[in-house]
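Colleague: any chance you can model this:
(chains A and B)
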Amino acid sequence: MKILEIKNVHKIYNSTHIQVHAVNGVSVDFKEGEFAAIVGPSGSGKTTLLNMIGGLDKPTEGKIMIARTDPAQLKSSELIDFRLNNIGFVFQSYNLIPVLTARENVEFIMNLQKWPKNKRFKRTKEMLEAVGLGDRLDSKPAQLSGGQQQRIAVARALASKPKFVLADEPTANLDSKSTETLLDIMEELNRNEKITFIFSTHDTRVVKKARRVVTLEDGKVISDERK
Amino acid sequence: MILKTAWKNVWRNKVRSMVVIISVTIGIFGGVFAVAVMNGAIDQRVDASLNNEISHIQINREDFRQNQGLKMTLDQPGKFRANLLDKEGVNGVAKRLITQGMANTANKSTGVQINGVDPVEEKNVLRLHEKIIPGTGGYFEKESRYNLAVIGETLAKELNIIRYIIDEEMLDSLHNREVPDDLLAKLKPLTGTRFRSEDGFEEKIQEILTKQEVSSYGRILSEEAWSFRERSKLTLTFLDVNNYQTGAMFRVAGIFDVKNNMFEESQVFVDIDDLQRLTGLPDGAAHQLIVRLDNREETKPVAEQIKQMAPGLEVMHWKEIQPDLAMMTDLVQNFYAAFMIIILAALAFGIVNTMLMVVLERTKELGMLTAIGMNKKRVFRMIMLESVFLSIIGGIVGMIVSKIVIMLTSNQGINFYSYSEGFEAMGFSAHIYPSISNTFFIVVTILIIITGILSSIYPALKALKLDPADALRTE
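Modeller: Residues are numbered from 1 along each chain as shown, chains lettered A, B, ... in the order given. Coordinates of the predicted model:
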């Protein structure tokens, strides 16, 4: 079942002197349960495309449909709620809330979604155990390594069972061992939880793990390879 | 969750938060304590006025206050007084005869209001008898073959009922006030000398001391050397019932100090029987009844009830008798509010500044929160709560510090000795006992919360304007 449809999407940035065509007519679909990587060199439009998929940015032209909804048509407040209930985010620099513990960070989205307390606690514990940090429930981000923080970010993104997870360069700040662990965990969660993962990356280790690789260059899809 | 996160965010940068909290604490303490001192001074002024000068209610004939005619006496004042004493809420009633006259001593004379009072009745209404300066006599206590008068400290000075004595006690006091020993040695030979006037004392001082010594220590010497002359003679002259000039010699029975120069200067108290006899008014005559109530707050309704009892008489409560005092008490309430609002407004700018820095520093995090689905209402609430927490913590600490300092100072009072002349000229005591009502504390607490909310609006709006995609790109 198609979960994400990208139809002839363009994104043009107008700066004072020049016009930048960051995404130039991209059309690509993603199905439920995919573990896909969008790759390409710097400036190829990966992050811009990911931002548009995540509803953080709007296409200049074209349409993105997420589970039959066009986020560009939603009002600002509806769009935030739409993101809350449908999309999980994993960022390059983890972006955990530094004053909260691992447990509180993972709970955060479920809290916003008003999950009942016991259900929230159970899910948080389950997710932290799934990312191998069941014993670090009360640690604050500053007490954890980069790899551990990113695993918590993954747990946070998945805990509320979104339709898909967008991960922007999730391994860029990690060493190879942490990258490997993180990728294994994400792959396992993808299989077990049936949640679609879309990465933007130029990390070859991620590309190797991905079951589908969409390559961008100059804002265009130059290849779409399934393994 | 938002509440918990906001609370934890407050302590993210402990030093900065503490700086804001301490500045709010100092601001609130400064404001509340200044208001407590002002309020204490005004409360004391009102209490002093009611206890020593005017009482709660005054009753006289309608035309008496304007004309002050000697014959404008009340009908059956004794019976009326007895009726008033039976009334609920009335604590004491005293009869008075009042006339205008001149107070004269050998070298000075001045216009005064002469109040004929019954000392026993008067003690149940006013506290003037407790304000007699020690060593100057008493409040009509001693039997005397002379007519007795009780006068104020300012009038005593004005009429020169003072003397200057250089004695061992004075030299000891000067030594304690760190007057140099060589100067004391020059004064020593004058031990036991009395001067009947300030001029005589000053002349002698200038004779034995250098100009430099006089300019440095002259005031201290005067302060320590002067004292009131006990049982001085004083002549009071006034009109009798037939409009003939009359008068008599009085002895000063005591000198009162009520820290109100105007009152001290203008009021003389004599025995009502003496004044009645000298003016030729009939036995038991009275121009005025002064009434003390159990509770100051009941003044207005009780005055209304007395009006019903005594149609045709002028029944005035203290706010009508001293409208300036009434206006002051009402006006200062607004002033206190304005004063606190100004302080809080200044603090609000500090909080706004801090919260803007917070938003700027956390741009990326706020972008992330919006990206993952935290809506604007929640972002706004989180920033607002952080700001409210900062103000409330500072506010509560400021209030606690204020309460403690007010409690500590309200027993001992604060002595503004060096400004006593200015204070007393305005009718205020220079020894102030700070006081504040619980209502004021509640109002200030509400104002602090409002300040916290208002000062969060601009930074919170800034946070709402952040574009999550741009914010996430921030380093």
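
Colleague: and residue 179, what does it touch?
Modeller: No chain was given, so I picked chain A. A:Gly147, A:Thr171, A:Asp203, A:Arg205, A:Val206 (Cβ atoms under 8 Å, 6 or more residues apart in numbering or on different chains). Where you see a C-beta, it was placed from the backbone N, CA and C, and this is true even at glycine.

Colleague: wait, I meant chain B there
Modeller: Per Cβ under 8 Å, 6+ apart, neighbours of B:Val179: B:Tyr217, B:Ile220, B:Leu221.

Colleague: residues near the last one, how many?
Modeller: Residue neighbour count, defined by other Cβ atoms under 10 Å in any protein chain shown, stands at 23 for B:Leu221.

Colleague: what about it, which helix or strand?
Modeller: Applying DSSP states H and E as the criterion places B:Leu221 in helix B:211-225.

Colleague: name the residues of that helix that are buried.
Modeller: B:Glu213, B:Val214, B:Tyr217, B:Leu221, B:Glu224, B:Ala225 (16 or more other Cβ atoms under 10 Å in any protein chain shown).

Colleague: what does stretch B:238-245 give?
Modeller: B:Phe238, B:Leu239, B:Val241.

Colleague: and the gap between the second one and chain A?
Modeller: So that's B:Leu239. 85 Å (Cβ to the nearest Cβ, to the nearest Å).

Colleague: check whether B:Val35 really touches B:Ser437, as I assumed.
Modeller: No. Contact criterion Cβ atoms under 8 Å: B:Val35 and B:Ser437 do not qualify, at 10.2 Å.

Colleague: so which of these two has more stuff around it?
Modeller: The neighbour comparison of B:Val35 against B:Ser437 (other Cβ under 10 Å) goes to B:Val35, with 24 against 13.

Colleague: what's in contact with stretch A:111-131?
Modeller: A:84-85, A:102-103, A:106-107, A:110, A:134, A:136-137, A:151-152, A:154-156, A:158-160, A:185, A:188-189, A:192, B:1, B:372-374, B:378.

Colleague: list the buried residues for the helix or strand of chain A at the bottom of the mean pLDDT ranking?
Modeller: Of all helical and strand segments in chain A, the minimum by mean pLDDT, DSSP states H and E falls on helix A:176-193, at a mean of 85. For helix A:176-193, a neighbour-count test (16+ other Cβ under 10 Å) marks A:Ser178, A:Thr179, A:Thr181, A:Leu182, A:Leu183, A:Ile185, A:Met186, A:Leu189, A:Asn190, A:Glu193 as buried.

Colleague: dump the residue contacts of the first one.
Modeller: Applying Cβ under 8 Å, 6+ apart, one finds that A:Ser178 lies in contact with A:Ser145, A:Gly146, A:Gly147, A:Gln150, A:Thr171.

Colleague: one more: the fourth one?
Modeller: Each residue near A:Leu182 by Cβ under 8 Å, 6+ apart is listed here: A:Gly147, A:Gln150, A:Arg151, A:Val154, A:Pro170, A:Thr171, A:Leu174.

Colleague: for the residues you listed, give me a markdown table that also has pLDDT.
Modeller: A markdown table is the format used below for the contacts of A:Leu182 (pLDDT from 0 to 100):
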| residue | pLDDT |
| --- | --- |
| A:Gly147 | 86 |
| A:Gln150 | 88 |
| A:Arg151 | 88 |
| A:Val154 | 86 |
| A:Pro170 | 86 |
| A:Thr171 | 85 |
| A:Leu174 | 79 |
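
Colleague: going by neighbour count, which of these comes out on top?
Modeller: A:Gln150 (31 neighbours).

Colleague: how many residues are close by the residue in the stretch 351-475 of chain B positioned nearest to chain A?
Modeller: Closest to chain A within the stretch 351-475 of chain B is B:Gly373: 2.4 Å, counting by Cβ to the nearest Cβ. Applying other Cβ under 10 Å, we find 25 residues neighbouring B:Gly373.

Colleague: next, the buried residues of the helix or strand hosting B:Thr354.
Modeller: Per DSSP H and E: B:Thr354 is located in helix B:323-361. Of all the residues in helix B:323-361, those buried under the rule 16+ other Cβ under 10 Å are B:325, B:329, B:332, B:336, B:339-340, B:343-344, B:347-348, B:350-352, B:354-355, B:358-359.

Colleague: now the next helix or strand after that helix, how far from the chain's geometric center?
Modeller: Next helix or strand after helix B:323-361 toward the C-terminus (DSSP H and E): helix B:363-372. How far helix B:363-372 lies from its chain's middle: 57 Å, per Cα atoms, centre = their mean, to the nearest Å.

Colleague: number of residues surrounding residue 204?
Modeller: No chain specified, so I'll use chain A. A:Thr204: 9 neighbours (other Cβ under 10 Å).

Colleague: nope, chain B
Modeller: 16.

Colleague: I'd assumed B:Phe195 was in contact with it.
Modeller: Yes. Using Cβ under 8 Å, B:Lys204 is in contact with B:Phe195, at 6.9 Å.

Colleague: ok, now which ones touch the nearest residue in space to A:Gln92 that is not next to it in sequence?
Modeller: In this structure, A:Gln92 finds its nearest non-sequential neighbour in A:Glu169, 4.1 Å apart by Cβ to Cβ, 6 or more residues apart in numbering or on different chains. When contacts are counted by Cβ under 8 Å, 6+ apart, A:Glu169 touches A:Thr47, A:Gln92, A:Phe199, A:Ser200, A:Thr201, A:His202, A:Asp203.

Colleague: ok so the second one is a strand residue?
Modeller: No. With the criterion set as DSSP: H, G, I helix; E, B strand; the rest coil, the secondary structure at A:Gln92 is coil rather than a strand.

Colleague: any idea how far it lies from A:Leu50?
Modeller: Here A:Gln92 is placed at a distance of 11 Å from A:Leu50 (Cβ to Cβ, to the nearest Å).

Colleague: list the residues that contact both of those two?
Modeller: A:Asp168.

Colleague: filter the buried residues of helix B:323-361 by proximity to chain A?
Modeller: The overlap between the buried residues of helix B:323-361 and the neighbours of chain A (Cβ under 8 Å from any Cβ of the partner chain) is empty.

Colleague: looking at the contacts of A:Leu182, which are in helices?
Modeller: A:Gly147, A:Gln150, A:Arg151, A:Val154 (DSSP state H).
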